[in-house]
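>>> build the 3D model from these lines:
(chains A, B, C and D)
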Protein chains: 2
Amino acid sequence: MSDAFATNHDSYYPIGETIAAELPTHRTGELAALQTVSTMSRFGRNQTIFNEGDDANYSYTVVAGGVRLCKLMSDGRRQIAEFLLPGDIFGFEAGDEHSLTAEALSDVVVMRCSRSNMERISDEHPVVRKQLLSLLRRELSAAQDHLVMLGRQTAKERVTSFLVQLAERAGAANGDSLDLPMGRQDIADYLGLTIETVCRALSDLKSSRLIGIPSRHQVTIRNLDALEAIAVGDE
Amino acid sequence: MSDAFATNHDSYYPIGETIAAELPTHRTGELAALQTVSTMSRFGRNQTIFNEGDDANYSYTVVAGGVRLCKLMSDGRRQIAEFLLPGDIFGFEAGDEHSLTAEALSDVVVMRCSRSNMERISDEHPVVRKQLLSLLRRELSAAQDHLVMLGRQTAKERVTSFLVQLAERAGAANGDSLDLPMGRQDIADYLGLTIETVCRALSDLKSSRLIGIPSRHQVTIRNLDALEAIAVGDE
DNA sequence: CGCCCTATTGAGATTCATCAACTGCGGTGG
DNA sequence: CCACCGCAGTTGATGAATCTCAATAGGGCG
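Below you'll find the predicted structure:
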């Protein structure tokens, strides 16, 4: 879980377009205002961005790469709460401390915005404020779906739901391939399963011809309808 | 799950103190402003307050009794996301629709506030706005803890964590008794277990003398430290 | 080419779910 | 006042799903 090679570069950007150009606008939308007061940072694979319990001085937006947000139990058990892709915002906390640990799934570029700037901007711009509120509620709603998955779905249903989620997020259809920026262990920790169970479920879907697995980090959707049916429990 | 006897009475209150007096102030705090534009309603045990997918025209505050928020799968599997006690706010949604179903655990009294009033007040009062934001973030943080429970804890740990949560919420110490307004099936659906497994775990804790079970709806805390240790996985 | 890391597959152990019987309590009515 | 009924909870026996442990495979990189 440790990574020696990773280093962390900060670089100050003037303002605006260069950064904005890299962001999928459908996700960040009007939060663009934040970019004007943000700093770019870079993290290597498996590097920690912040730990649960750290002072929550900054919020972040993913620019490139992927991030996982997780909780660790004292004996090492891990639960991943969320995978973040470009455009996603994280580290925007209730209290003084981060409630989750953030780690880079792959090499990742993030924009960092200080808490005070965040608050100032959201006080000044009702639009930004509403967006942040709406962001939180969407996250809450996503967490609730995640609860159903962990509490009431079988292993196969969880893995399938996960793939369907990714497919929807990417707007993928039959024949398209999905990128899996995370490893199998990450998927297992997101789904509350072991890595072996995840593998078996994937192999199973593959031999049923619902998916293809051209490489470790790619899955081809072959029959999205069937996957959606399995995800909801219609065998 | 259907209940014939339950009926629903609405009654308009003038303003203020009579209602405020019934509320535990530590929870609602300055959200008191909402009370001035709220309506009181009453629901019987197991009665539905709103369904997932219903138009989210109102937000609610529990005044007396308990409420469960849950998700249902098409085949009847149920996951309870949250139990609400007096002072808790719910039904404050991201989109046009409620993302969860709300049902009365017992006979319950709620204050209802229209979405438009809610938005107007939160636009006019920065304090209320910040409180709602903070409320959402606390809920999100609670949901994340719930994810760990469902994804990574054993049955015994889950049941124990649940009791510890209740004890903390009630500020209970060794020797104190907790009220369990919900039934065993509700607990099971909250913890992602079956009713039998919940029973066995409770019986187990009882025979280890960590708790007492004077009645169906009460649990006596005998050794909170030991319970907390089990909840975290220190056998 | 060979090593290392990740993923996959296999066999046996364990936890929890399922199915079924029984208990205890509160309410109702004789 | 007591007997019966019904529901919620508890306990027991069995089985299935998933975890654990172990061996094997595959891909990228020095």
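
>>> tell me where chain A has strands.
Under the criterion DSSP state E, strands of chain A are mapped to A:10-11, A:39-43, A:48-50, A:58-64, A:67-72, A:78-84, A:89-90, A:101-104, A:108-114, A:177-179, A:211-215, A:218-221.

>>> just put the ones you listed in TSV and tack on mean neighbour count, mean pLDDT and distance to chain B.
C-beta: built from backbone N, CA, C; applies to glycine. Shown next, in TSV, are the strands of chain A (neighbours: other C-beta atoms under 10 Å in any protein chain shown; pLDDT from 0 to 100; distance: least, C-beta to the nearest C-beta, whole Å):
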stretch	mean neighbour count	mean pLDDT	distance to chain B
strand A:10-11	9	42	27
strand A:39-43	19	93	22
strand A:48-50	20	96	15
strand A:58-64	22	94	12
strand A:67-72	22	98	5
strand A:78-84	22	97	4
strand A:89-90	22	94	11
strand A:101-104	23	97	11
strand A:108-114	22	94	16
strand A:177-179	16	96	22
strand A:211-215	14	97	22
strand A:218-221	18	98	22
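
>>> just so I know, which of those strands lies nearest DNA strand C?
Among these, strand A:211-215 comes nearest to DNA strand C, with 5.5 Å by C-beta to the nearest atom of the strand.

>>> direction included, what does that closest one pair up with?
Strand A:211-215 sits in its sheet next to strand A:218-221 (antiparallel), going by DSSP bridges.

>>> tell me the pLDDT of A:L166.
We have a pLDDT of 97 for A:L166.

>>> identify the bridge partners of the residue nearest to it when sequence neighbours are not counted.
With C-beta to C-beta, 6 or more residues apart in numbering or on different chains as the criterion, A:L166 has its nearest non-adjacent residue at 5.1 Å, and that residue is A:L178. Counting by DSSP bridges, A:L178 is bridged to A:V219.

>>> let me see the contact set for A:M149.
A:E157, A:R158, A:S161, A:L191, A:G192 (C-beta atoms under 8 Å, 6 or more residues apart in numbering or on different chains).

>>> if we go to 6 Å?
Residues near A:M149 by C-beta atoms under 6 Å, 6 or more residues apart in numbering or on different chains: A:R158, A:S161.

>>> pretty sure A:Y58 contacts A:R112?
Yes: counting by C-beta atoms under 6 Å, A:Y58 touches A:R112, with 4.8 Å between them.

>>> what is the neighbour count of the residue lying closest to A:S141 once chain neighbours are set aside?
Once flanking residues are discounted, A:S141 sits nearest to B:S99: 4.6 Å by C-beta to C-beta, 6+ apart. A total of 21 residues lie near B:S99 under the criterion other C-beta atoms under 10 Å in any protein chain shown.

>>> and the longest helix for chain A?
For chain A, the helix that runs over the most residues, judged by DSSP state H, is helix A:126-152.

>>> report pLDDT for the closest residue in space to A:V159 that isn't next to it in sequence.
Nearest residue to A:V159, sequence neighbours excluded (C-beta to C-beta, 6+ apart): A:A201, at 3.9 Å. A:A201 is assigned 98 on the pLDDT scale.

>>> contact partners for A:A201?
Under the criterion of C-beta under 6 Å, 6+ apart, the neighbours of A:A201 are A:A155, A:K156, A:V159.

>>> okay, A:E124 and DNA strand D: tell me how far apart.
46 Å (C-beta to the nearest atom of the strand, to the nearest Å).

>>> is A:I211 in a bridge, and if so with what?
Taking DSSP bridges as the rule, A:I211 bridges to A:I221.

>>> surely it touches A:L205?
Yes: counting by C-beta under 6 Å, A:L205 is a contact partner of A:I211 at 4.8 Å.

>>> which residues of chain A lie near DNA strand C?
By the rule C-beta under 7 Å from any atom of the strand, the part of chain A lying against DNA strand C is A:G183, A:R184, A:Q185, A:I195, A:E196, A:V198, A:C199, A:R200, A:L202, A:S203, A:I213, A:R216.

>>> same thing but at 10 Å, please
For chain A, the residues in contact with DNA strand C (C-beta under 10 Å from any atom of the strand) are A:1, A:3, A:45-46, A:151-152, A:154, A:180, A:182-188, A:194-204, A:206-207, A:213, A:215-217, A:219.

>>> any part of stretch A:153-169 near DNA strand D?
Yes: Stretch A:153-169 is in contact with DNA strand D by C-beta under 10 Å from any atom of the strand, via A:Q153, A:T154, A:A155, A:K156, A:E157, A:R158, A:V159.

>>> give the burial count for the residue nearest to the first one when sequence neighbours are not counted, as a bare number.
Distances taken as C-beta to C-beta, 6+ apart place A:S161 nearest to A:Q153, at 6.6 Å, with adjacent residues excluded. Residue crowding around A:S161 was assessed by other C-beta under 10 Å; the count is 22.

>>> cool, the one 3 residues further on as well?
For A:V164, the neighbour count with other C-beta under 10 Å is 19.
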